[in-house]
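**Student:** A predicted structure for the sequence below; I have some questions about it.
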Amino acid sequence: MRELTIEDKQTVLDVLNNFEVYEESGGEDAYILIENSEENRKRLNDVGVTNKEIDNAADEEFFCTIALAFNGGYADNYEYGKFVLWGPIDDELRRRVINFEETQCDALRLLQALEELEGVKEVG
């Protein structure tokens, strides 16, 4: 499996965020269904998503963008109706943490950064 750059991931998310949604539901069993058509598959193939990845999130009629985005490692979160990719820890996040204003997403983001550092330590 190839290593995806932030730009690669963002390009995929731009496509996922612009599909026409057939049906969606939130909550514990959230889903966002998109028509499983040749046109939609081509749009994803053109930005590097394989048919195997799509098939893992699909049935005959639809594929789930939530499954595709998170299982494929393209998205870090879903906020305000869009898949998002977190960038590096920035000053705004630091300010929120220092002032005890952090959100649950901030905590997840920090944990992810720590896990990545731990992975670097184990390799090095």
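**Tutor:** Ah, there it is. Note that the structure is a prediction, hence the values are computed from the model and not measured.
**Student:** secondary structure element for residue 117?
**Tutor:** Applying DSSP states H and E as the criterion places residue 117 in helix 104-123.
**Student:** now the strands for the protein?
**Tutor:** Under the criterion DSSP state E, the chain carries strands at the ranges 23-25, 31-35, 62-64, 77-79, 82-84.
**Student:** and the residue lying closest to residue 77 once chain neighbours are set aside, what is it in contact with?
**Tutor:** Spatially, and ignoring its direct neighbours in sequence, residue 77 is nearest to residue 84 (5.1 Å; C-beta to C-beta, 6 or more residues apart in numbering). Using the backbone N, CA and C atoms, a C-beta is placed for each residue, glycine as well. Residues near residue 84 by C-beta atoms under 8 Å, 6 or more residues apart in numbering: 13, 75, 76, 77, 78.
**Student:** list the beta-bridge partners for the last one.
**Tutor:** Beta-bridge partners of residue 78, counted by DSSP bridges, are residue 83.
**Student:** and the pLDDT at it?
**Tutor:** Reported pLDDT at residue 78 in the predicted model: 90.
**Student:** any idea how far residue 16 is from it?
**Tutor:** Separation of residue 78 from residue 16 (C-beta to C-beta, to the nearest Å): 10 Å.
**Student:** between those two, tell me which one has more neighbours.
**Tutor:** residue 16 (23 against 17; other C-beta atoms under 10 Å).
**Student:** contacting residues around the more buried one?
**Tutor:** Counting by C-beta under 8 Å, 6+ apart, residue 16 has contacts 44, 65, 68, 69, 74, 75, 83.
**Student:** pull the contacting residues for residue 15.
**Tutor:** Contacts of residue 15 by C-beta under 8 Å, 6+ apart are 43, 44, 47, 49.
**Student:** ok so, going back, who touches both of residue 78 and residue 16?
**Tutor:** By C-beta under 8 Å, 6+ apart, the residues touching both residue 78 and residue 16 are residue 69.
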